[in-house]
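**Student:** pasted the sequence and its predicted model underneath.
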Amino acid sequence: MIRDLLDEILGEAWVSLLDLASAERVPNSFTSRGHQKRESDIIWKLRRKDNDEPVYVYILLEFQSRPDRYMAVRLMTYMGLFFEHLIAQGLLPDSGKLPLVIPVVIYNGIGAWKPALELSELIERLDPSAEPYVPRLHYRLVHEAKVPLALLEASESPVADLFRMERSRAWDEMLGGIGRLRQHVGNDESLRRAFEAWMENVIFPRLGLSSDEIPGRLSLEGAETMLAERIDEWNRKLAEESLQKGRQEGEAHALLRLLEKKFGALPKGVQKRIAGAELERLLEWFDRAVTAERLEDVFSG
């Protein structure tokens, strides 16, 4: 998933300089006293192709409903803690220099991301002579809702499936997404379980399915079957509602014509009442209208 994220979604030139097969997750144990550990912060270590030195990619999964104006400040704090951890544990390269850390923020909200992408944009300026002291930490933002659909459609990776399904708001879109996901996940059991849990706890509730409607330990195949059945049921109900609405509109029109012929122009309140009435009530009023001598008799009782 991380290799596909870097190679297909980010797609920047520096990615080609890394040995993506060397990716290994770094335990997130570098938080210090007073700083809360975040399970959504993930650091991956990759090796350079030319000299095997490490490069760290810091992935921050941002699940907030609203973007954080000071995201760059948070990233600088986390990066400083990580550097302290590397120094204390003696994990620096032979050169003694700090390794490059590339921060990536993945935002799955719908609204636009307006916070600054560089720390320097949050700093008040004093004078051009003080410019060298302005910190310039920059991070790469991946806004799921803004990744081009053409790119996601052309990709054959679970990451693209994840982004596409996160943006789905209709059952038929989700059904097609599950089919593609099954092909791309293959027999990777840990990845399958992760996606199954994600669909059960995030995606299905978003589509209006309650926990009672979702069977326990739902597989990708079971999810695909269940969605297909729900879509058939939904289409059937939609057809029935459409037919019912057509009959209702037809009866309302017929009743209006009959009343106008017998009693002349109708008050707007009567027209509105007829337009909003259910089918059974319209049929009842029509039967009364046939023999009614006054307009009031149609709606009496």
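**Tutor:** Sure, I can see it.
**Student:** any low-confidence regions in the stretch 1-150 of the chain?
**Tutor:** Residue ranges of the stretch 1-150 of the chain with pLDDT under 70: 28-40, 62-65.
**Student:** in what helix or strand does Ala150 lie?
**Tutor:** According to DSSP states H and E, Ala150 maps onto helix 149-154.
**Student:** looking at this, Leu92 is in a helix?
**Tutor:** No: secondary structure of Leu92 (DSSP: H, G, I helix; E, B strand; the rest coil): coil, not part of a helix.
**Student:** which residues touch it?
**Tutor:** Applying C-beta atoms under 8 Å, 6 or more residues apart in numbering, we find Leu92 in contact with Leu86, Leu98, Pro99. C-beta: built from backbone N, CA, C; applies to glycine.
**Student:** restricting to C-alpha, output the helix holding Ala150 in CSV.
**Tutor:** Below are the C-alpha coordinates for helix 149-154, written out as CSV (Å, rounded to 0.1, in the frame of the first residue of the first chain):
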residue,chain,number,x,y,z
LEU,A,149,-10.5,10.0,-11.1
ALA,A,150,-8.7,9.2,-14.3
LEU,A,151,-5.6,8.3,-12.3
LEU,A,152,-7.5,6.2,-9.9
GLU,A,153,-9.3,4.4,-12.7
ALA,A,154,-6.1,3.6,-14.5
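**Student:** dump whichever helix or strand comes after that helix to CSV, restricted to CA.
**Tutor:** The helix or strand immediately downstream of helix 149-154 is helix 158-166, counting by DSSP H and E. The C-alpha coordinates for helix 158-166 follow below in CSV (Å, rounded to 0.1, in the frame of the first residue of the first chain):
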residue,chain,number,x,y,z
PRO,A,158,-5.5,-1.2,-3.5
VAL,A,159,-4.6,2.3,-2.7
ALA,A,160,-6.5,3.6,-5.7
ASP,A,161,-9.4,1.4,-4.7
LEU,A,162,-9.3,2.8,-1.2
PHE,A,163,-9.4,6.4,-2.5
ARG,A,164,-12.1,5.7,-5.0
MET,A,165,-14.3,3.9,-2.5
GLU,A,166,-13.8,6.7,0.0
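**Student:** confidence score at the residue of the chain most remote from its centre?
**Tutor:** Here the centre of the chain is the reference, and by C-alpha atoms, centre = their mean the most remote residue is Glu293, at 60.6 Å. Looking at Glu293, its pLDDT stands at 85.
**Student:** ok, it - contacts?
**Tutor:** Taking C-beta under 8 Å, 6+ apart, we find Glu293 in contact with no residue.
**Student:** which of the three states applies to it?
**Tutor:** Secondary structure, three-state DSSP: Glu293 is coil.
**Student:** quick one, phi psi at it?
**Tutor:** Per-residue torsions, Glu293: phi -100, psi -20 (degrees, to the nearest 10).
**Student:** that one and Leu20, how far apart?
**Tutor:** For Glu293, the distance to Leu20 equals 86 Å [C-beta to C-beta, to the nearest Å].
**Student:** what's the nearest residue to the residue minimising distance to the centre of the chain if we skip its chain neighbours?
**Tutor:** Nearest to the geometric centre of the chain sits Glu166, at 3.3 Å (C-alpha atoms, centre = their mean). Residue nearest to Glu166 in three dimensions, not counting chain neighbours: Glu144, with 5.3 Å by C-beta to C-beta, 6 or more residues apart in numbering.
**Student:** pretty sure that neighbour is touching Tyr107, no?
**Tutor:** Yes: contact criterion C-beta atoms under 8 Å: Glu144 and Tyr107 qualify, at 6.9 Å.
**Student:** of these two, which one has the most company?
**Tutor:** Legend: neighbour count by other C-beta atoms under 10 Å for Glu144 and Tyr107, higher for Tyr107 (23 against 17).
**Student:** returning to what we had before: now do the helix holding Ala150: which elements does it pack against?
**Tutor:** Helices and strands touching helix 149-154, by 3 or more C-beta pairs under 8 Å, 6 or more residues apart in numbering; DSSP states H and E, are helix 158-166.
**Student:** now with 10 Å?
**Tutor:** Helix 149-154 sits against helix 158-166, helix 171-185, with contacts defined as 3 or more C-beta pairs under 10 Å, 6 or more residues apart in numbering; DSSP states H and E.
**Student:** CA-only coordinates of the helix or strand just after the last one in PDB, if you can.
**Tutor:** The C-terminal neighbour of helix 171-185 among helices and strands, as given by DSSP H and E, is helix 189-198. Output of helix 189-198 as PDB, limited to C-alpha atoms (Å, rounded to 0.1, in the frame of the first residue of the first chain):
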ATOM      1  CA  GLU A 189      -5.100 -12.100   4.200                       C
ATOM      2  CA  SER A 190      -3.900  -9.200   6.400                       C
ATOM      3  CA  LEU A 191      -4.900  -6.700   3.700                       C
ATOM      4  CA  ARG A 192      -8.200  -8.400   3.100                       C
ATOM      5  CA  ARG A 193      -9.000  -8.300   6.900                       C
ATOM      6  CA  ALA A 194      -8.100  -4.600   7.000                       C
ATOM      7  CA  PHE A 195     -10.400  -3.700   4.100                       C
ATOM      8  CA  GLU A 196     -13.200  -5.900   5.500                       C
ATOM      9  CA  ALA A 197     -13.000  -4.100   8.900                       C
ATOM     10  CA  TRP A 198     -12.900  -0.700   7.100                       C
END
